[in-house]
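Asks: Below is the structure, and that's it, no one-letter string:
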């Protein structure tokens, strides 16, 4: 478990689901600029930054090639990391094919499953959130296929011009991948991540569960001292999390 303690007037920041590149590079460019502006603001008082997946709407790493674009956000992340501020990246269902590019080029660790962190003596469970809890069986089956080593090996043999174009098309069009059908609150009893968190609480205590994926800013009290937070997105809500002594969900207004 990684322990983080904030210095005076410093905060830990969280953001998720920017989906850069969707539905096209051109239309997502203003979102990229807005997200980069946010990164530029928080670097002034950030103790650490957590990015909880789906930064890109599609991402695939060939041995020597990554998708074209996103230079502003990648450059800003490199700047923040080089300044000494830790960044933790969790893959989402749209960028689950991320391997070691962030680690080698940006020195940013990449996680493929939820991880525990102790932040200012509060216990966090942090991840993207896809495929957790009951239900979502169609996506779970699809994820097994997408993460199967043979399938990734076969996809890598597609020329990048074809592979990236195909991946971008599937990412935008396929609802099992995009999650568009889940863009409304289903009630606590039907929210798979809420049910997942409640089950985890029967095993051990967490003060905060922080996830993305649902594209909805949510703050749900699970127990007296335990809360589920969903960070929303940077498509409609432009929300992020900030933690010092308490967690706050905030709308970014540029």
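Replies: Yes, it's here. This one's a predicted model, so the numbers in the text were calculated from it and none came from an experiment. Numbering: from 1, shown residues only.

Asks: which residues sit in contact with residue 13?
Replies: Residue 13 makes contact with 42, 46, 48, 49, 50, 240, 241, 242, 243, according to Cβ atoms under 8 Å, 6 or more residues apart in numbering. Every residue, glycine included, has its C-beta placed from N, CA and C.

Asks: correction: residue 49
Replies: The neighbours of residue 49, taking Cβ under 8 Å, 6+ apart as the test, are 12, 13, 14, 15, 39, 42, 80, 85, 86, 87, 88.

Asks: Got the phi and psi for residue 46?
Replies: Note on residue 46: backbone dihedrals following degrees, to the nearest 10 are phi -90, psi 130.

Asks: rewinding a little: pLDDT, secondary structure and distance to residue 66 added to the contacts of residue 13, as JSON lines?
Replies: As requested, the contacts of residue 13 are exported to JSON lines (pLDDT from 0 to 100; DSSP: H, G, I helix; E, B strand; the rest coil; distance: Cβ to Cβ, whole Å):
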{"residue": "42", "pLDDT": "97", "secondary structure": "helix", "distance to residue 66": "25"}
{"residue": "46", "pLDDT": "97", "secondary structure": "strand", "distance to residue 66": "25"}
{"residue": "48", "pLDDT": "98", "secondary structure": "strand", "distance to residue 66": "25"}
{"residue": "49", "pLDDT": "98", "secondary structure": "strand", "distance to residue 66": "21"}
{"residue": "50", "pLDDT": "98", "secondary structure": "strand", "distance to residue 66": "22"}
{"residue": "240", "pLDDT": "98", "secondary structure": "strand", "distance to residue 66": "25"}
{"residue": "241", "pLDDT": "98", "secondary structure": "strand", "distance to residue 66": "28"}
{"residue": "242", "pLDDT": "98", "secondary structure": "strand", "distance to residue 66": "30"}
{"residue": "243", "pLDDT": "97", "secondary structure": "strand", "distance to residue 66": "31"}
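
Asks: Please identify which pair of the residues you listed lies farthest apart.
Replies: 48 and 240 (13.4 Å; Cβ to Cβ).
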